[in-house]
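Student: 3D, please:
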Amino acid sequence: MKNSVFNENSEIKKIEEFSGRPTSAFVSASWMAVLIGMVSYCIGLWNAHMQLNEKGYYFTILLFGLFSVVSVQKSVRDRQEGIQVSDAYYGISWFTTIASISLLVIGLWNADLELSEKGFYAMSFLLSLFAAIAVQKNTRDIQFLDSLEDQ
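Tutor: Residues are numbered from 1 along each chain as shown. This is a model prediction of the structure:
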């Protein structure tokens, strides 16, 4: 809603628009996916035969990408709920998400790695990003429903 004053009709409308509370199985699966993706990616970096600065590059891209997709999800959800989000922040969130994926692709394209290693990094990176979006969405859904129940 665009204003902070709630009435019965707006609460009912919000509840009707919302599909429901995420199940504990889905919340757990989302957290496991983000942890498996991040830990796998980091173990791969730890065991990789590359210079420390290269490892730092790939690790920074992972952190950058995770922050970026959570920011995009938050911006999209805020707009959906009528919370004001500036066009600049919304655009920057999308830009940084695309930039993090592009930087990984460029890094892997130019890396002296086997194709299987490149695929491993790409897939664990994308798993982490997608799972981070799911975790953020679940967290926001649960907080939203809890706030409605408290009223």
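Student: And for residue 108, the neighbour number?
Tutor: By the criterion of other Cβ atoms under 10 Å, residue 108 has 19 neighbours. Where you see a C-beta, it was placed from the backbone N, CA and C, and this is true even at glycine.
Student: Please apply the same query to residue 144.
Tutor: 16.
Student: Against residue 85, how distant is it?
Tutor: For residue 144, the distance to residue 85 (Cβ to Cβ, to the nearest Å) stands at 16 Å.
Student: now do residue 127
Tutor: Between residue 127 and residue 85 the computed distance is 27 Å (Cβ to Cβ).
Student: same thing with residue 79?
Tutor: As judged by Cβ to Cβ, residue 79 and residue 85 stand 5 Å apart.
Student: In the chain, where is pLDDT below threshold?
Tutor: 1-19 (pLDDT under 70).
Student: If you count contacts, what does the longest helix along it end up packed against?
Tutor: Longest helix of the chain, by residue count under DSSP state H: helix 115-150. When contacts are defined as 3 or more Cβ pairs under 8 Å, 6 or more residues apart in numbering; DSSP states H and E, helix 115-150 packs onto helix 8-17, helix 24-47, helix 52-80, helix 87-110.
Student: tell me which residues in that helix are buried?
Tutor: For helix 115-150, the neighbour count (16 or more other Cβ atoms under 10 Å) marks 117-118, 120-121, 124-125, 127-129, 131-141, 144-145 as buried.
Student: List the contacts of residue 27.
Tutor: When contacts are counted by Cβ atoms under 8 Å, 6 or more residues apart in numbering, residue 27 touches 135, 138, 142.
Student: show me the contacts for residue 64.
Tutor: If a contact means Cβ under 8 Å, 6+ apart, then residue 64 has 96, 99-100, 103 as its contacts.
Student: about what we covered before: okay, the helices and strands packed on helix 115-150, which one's buried deepest?
Tutor: Mean neighbour count (mean count of other Cβ atoms under 10 Å) peaks for helix 52-80 among the helices and strands packed on helix 115-150, with a mean of 16.
Student: Measure how that one sits relative to helix 87-110, angle-wise.
Tutor: Relative orientation of helix 52-80 versus helix 87-110 (axes from the mean of the first three to the mean of the last three Cα atoms, to 10 degrees): 150 degrees.
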